[in-house]
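A.B. asks: model this:
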Amino acid sequence: MKRIFTAAVILSVFLLSSCGQAAGSNADGGEQAKNETSVSEIGGYSFDKTTFYYEKDNYDMTARSEAINSILPVTPAGEKLVIECHAGPKNNIYCIFDTKSQTFAADLAGNHLTWNDNDIATSVYSFWSDVCAYDGSIIKSYDLAESEFIHDLALSDDGTRLTVTIMCADGTERIDTIDL
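C.D. replies: Sure thing, here's the model as predicted:
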């Protein structure tokens, strides 16, 4: 009986240490990728840490907001580029760059920025307990408990409905649909 118990403990320790090593190596790889200093080329524009490059110009994104500490993905949206910047644990800053005028059209603080087709003007995003339109107007405010947050936004294919997923403290989700 003691041998079975000892074998079970050794096997459990081995499995747990293997899981920890796998998770650790993924976390280290993620940190390394996030802090990598090489310039990421994406079709004519690039970025490195907090600097965005377009054609011959470069833009220090911390000049747009001192809270920005890294650039995440850059996503094309028609003639605009959406530069997602990490600014803290709760909200990002989406800097919208107009490739025609080579100027910034907007800075949106929040999460889950989504839009239809290539039209950034159709975009919606969450900011704390609000769902906002591209122009910053509030589409809907939610009375969230301290431990609840907007987890996801999804536009319907035709852009007439928005599904809002709210994550609750107990791990359950609430779904709300808004007609736009």
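
A.B. asks: the longest strand along the chain packs against which elements?
C.D. replies: Secondary structure of the chain per DSSP state E: the longest strand is strand 103-116. Packing partners of strand 103-116 (3 or more C-beta pairs under 8 Å, 6 or more residues apart in numbering; DSSP states H and E): strand 80-86, strand 92-98, strand 119-127, strand 149-155. In this view, the C-beta of every residue, glycine as well, is placed from N, C-alpha and C.

A.B. asks: list the buried residues for the last one?
C.D. replies: By that I understand strand 149-155. 149-150, 153, 155 (16 or more other C-beta atoms under 10 Å).

A.B. asks: what's in contact with the helix or strand following it?
C.D. replies: Proceeding N to C from strand 149-155, the next assigned helix or strand is strand 161-167, under DSSP states H and E. Strand 161-167 has contacts (C-beta atoms under 8 Å, 6 or more residues apart in numbering) with 124, 126, 131, 139-140, 142, 144, 148-156, 173-180.

A.B. asks: try it again at 6 Å.
C.D. replies: With C-beta atoms under 6 Å, 6 or more residues apart in numbering as the contact definition, strand 161-167 has outside contacts at 124, 148-155, 173-180.

A.B. asks: what's the answer for stretch 169-180, then?
C.D. replies: 140, 147, 160-167.

A.B. asks: at 7 Å what do you get?
C.D. replies: The set of residues external to stretch 169-180 that reach it, using C-beta atoms under 7 Å, 6 or more residues apart in numbering, is 131, 139-140, 145, 147-148, 151, 159-168.
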